[in-house]
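> make a model of this:
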Amino acid sequence: MARKRELSSETRQSILVLRNEGNSMREIAKKLKISYTGVYYSLQRTAQTGSNQSRKRSGRPRCTTEQEDKYIRVSSLRNRHLTGPQLTSSLNSTRKTPVSTSTVKRRLRDSGLQGRVAKKKPCRTNEKMLEECLTPSVKHGGGNVMVWGCFGAGKVGDLYRVKGILNKEGYHSILQRHAIPSGQRLIGANFILQQDNDPKHTSKLCKNYLEQKACDWGITHKATAKQDYTKITGLVVQERGVFLSNSGLLGASPDGTVSDECIIEVKCPWSVKNLTVRQAAAEKGDFFLQLDGESGSLTLRPTHPYWHQIQGNLQLTGASTCHLVVWTLSDLVILPVLKDPTWARNIDVLETFYKDIFLPKIL
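Now for the predicted structure:
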């Protein structure tokens, strides 16, 4: 049963006054809206003690002795970094019945010792500035150093110190002076540059520079690809210049012709220069060739820009076939692409676009 709230001193005094006026205990209980037993025990206590105050209670016996209380206090003063649980564990190691951490904290408060978080800097208030109440700290600082570096083939390349904030212009300079030269020195001309998607890396300035390197790669090795094509097929590649449409508004410049009915288009993809063509088609989802899983044959994707480039060349040159030559450092594939008669309607569309939209914008 829950313990009921004690009667206040004012209520006890009111009971005594009403009783002296001749009211019965039930009448007093009714007037003050308290229980009959409360009135009875209040009057009985007043008669026995001569006061309307509560009797002094014995309370629960202390679970620690004076010697243990002194041990708690002295241990805390000797090492102010000891926590309540640590003091409790130390005390309980010598007792049969353990005490709680709350009990130890009460003994500390009774001794005037309060729990505090150790300061890392002295504070001129009370004991906070005492050495035993402080936590040592080490100050660091003095600036920082940012460097750019690279590695490959078990070796390290240039290490460049970046001064200030590195922006796209600074990274473009690093690509020119350190990244590309280091790659060529460590691995060779066919190295692959790997980097994350940092905004500086994906900026137009840096992407265009790397794409220009890919264009330079294609231009540099196109002659080699043509020579390998001639060795394999025995066909001689002739340079023919630009072929114009009937209106003269559109032009096509294939990489060469081998007959009136056949032209060639050479591709030397930089991104897969170390792979075979079939590996590139199988591993790179955006490659312009697709590999048939059943037959193992290679075909040019009809949605790729190269498809439209070749069909445009076929329409304007009048040839019926284009030999698509795909060259890498380890492979060469010759893929015939036939003229698609339905693509011819794009000629009129392109000429209309040129006359009605493009030309007025530049005049």
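
> excluding residues flanking it in the chain, which one is nearest Leu18?
Nearest non-adjacent residue to Leu18, counting by C-beta to C-beta, 6 or more residues apart in numbering: Ile28, 4.7 Å away. Every C-beta, even on glycine, is put in place using the N, C-alpha and C of the backbone.

> show the contacting residues for the one you found.
Applying C-beta atoms under 8 Å, 6 or more residues apart in numbering, one finds that Ile28 lies in contact with Ile15, Leu18, Arg19, Val39.

> save those as JSON lines, and put in neighbour count, secondary structure and distance to Gly115 too.
Formatted as JSON lines, those follow (neighbours: other C-beta atoms under 10 Å; DSSP: H, G, I helix; E, B strand; the rest coil; distance: C-beta to C-beta, whole Å):
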{"residue": "Ile15", "neighbour count": "25", "secondary structure": "helix", "distance to Gly115": "44"}
{"residue": "Leu18", "neighbour count": "18", "secondary structure": "helix", "distance to Gly115": "50"}
{"residue": "Arg19", "neighbour count": "17", "secondary structure": "helix", "distance to Gly115": "50"}
{"residue": "Val39", "neighbour count": "26", "secondary structure": "helix", "distance to Gly115": "46"}
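
> and those, which is closest to Arg116?
Of all these, the one with the least separation from Arg116 (C-beta to C-beta) is Ile15, at 47.9 Å.

> which residues touch the closest one?
The contact partners of Ile15, taken as C-beta under 8 Å, 6+ apart, are Leu7, Ile28, Leu32, Val39, Ser42, Leu43, Asn52.

> quick one: buried ones out of these?
Among the contacts of Ile15, those classed as buried by 16 or more other C-beta atoms under 10 Å are Leu7, Ile28, Val39, Ser42, Leu43, Asn52.

> returning to what we had before: if I look at the residue nearest to Leu18, how far off is Leu363?
Computed as C-beta to C-beta, to the nearest Å, the Ile28 to Leu363 distance reads 113 Å.

> what's the answer for Pro302, then?
Pro302 sits 35 Å away from Leu363, taking C-beta to C-beta as the criterion.

> quick one: the helices in the stretch 251-363 of the chain?
Assigned helices in the stretch 251-363 of the chain, in chain order: 277-283, 305-317, 345-353, 359-362 (criterion: DSSP state H, counting those that start in this stretch).

> list the buried residues for the first one?
Which is helix 277-283. For helix 277-283, a neighbour-count test (16+ other C-beta under 10 Å) marks Val277, Gln279, Ala280, Ala281 as buried.

> for it, packing partners?
Helix 277-283 sits against strand 289-291, strand 298-300, strand 321-328, strand 331-338, with contacts defined as 3 or more C-beta pairs under 8 Å, 6 or more residues apart in numbering; DSSP states H and E.

> so can I have CSV of the ones you listed showing mean pLDDT and distance to Asp196?
Written out in CSV, the entries for these read as follows (pLDDT from 0 to 100; distance: least, C-beta to C-beta, whole Å):
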stretch, mean pLDDT, distance to Asp196
strand 289-291, 92, 28
strand 298-300, 93, 32
strand 321-328, 95, 26
strand 331-338, 94, 30
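
> so which of the ones you listed is the most packed in?
Each of those was scored by mean neighbour count; the highest is strand 321-328, a mean of 22, by mean count of other C-beta atoms under 10 Å.

> partner strands of that one, with direction?
Counting by DSSP bridges, the strands paired with strand 321-328 are strand 262-267 (parallel), strand 331-338 (antiparallel).

> the last one vs helix 305-317, what angle?
Our comparison of strand 331-338 with helix 305-317, counting by axes from the mean of the first three to the mean of the last three C-alpha atoms, to 10 degrees, yields an angle of 50 degrees.

> repeat that for the first one.
Angle between the axes of strand 262-267 and helix 305-317 is 150 degrees (criterion: the same axes, to 10 degrees).

> list the buried residues in strand 262-267.
Of the residues in strand 262-267, those with enough neighbours to count as buried (16+ other C-beta under 10 Å) are Cys262, Ile263, Ile264, Glu265, Val266, Lys267.

> contacts only, for the nearest residue to the third one once chain neighbours are set aside.
Translated: Ile264. The spatially closest residue to Ile264, leaving aside those adjacent along the chain, is His323, at 4.5 Å (C-beta to C-beta, 6+ apart). Applying C-beta under 8 Å, 6+ apart, we find His323 in contact with Tyr229, Thr233, Val258, Cys262, Ile263, Ile264, Glu265, Ile334, Leu335, Pro336, Val337.

> packing partners of the longest helix seen in the chain?
If you go by DSSP state H, the chain has its longest helix at helix 204-233. Other elements packing on helix 204-233 under the criterion 3+ C-beta pairs under 8 Å, 6+ apart are helix 168-174, strand 262-267, strand 321-328, strand 331-338.

> strands paired with the helix or strand that comes right after that helix, and their directions?
Beyond helix 204-233 on the C-terminal side, the first helix or strand identified by DSSP states H and E is strand 243-244. In the sheet, strand 243-244 lines up against strand 251-252 (antiparallel) (DSSP bridges).
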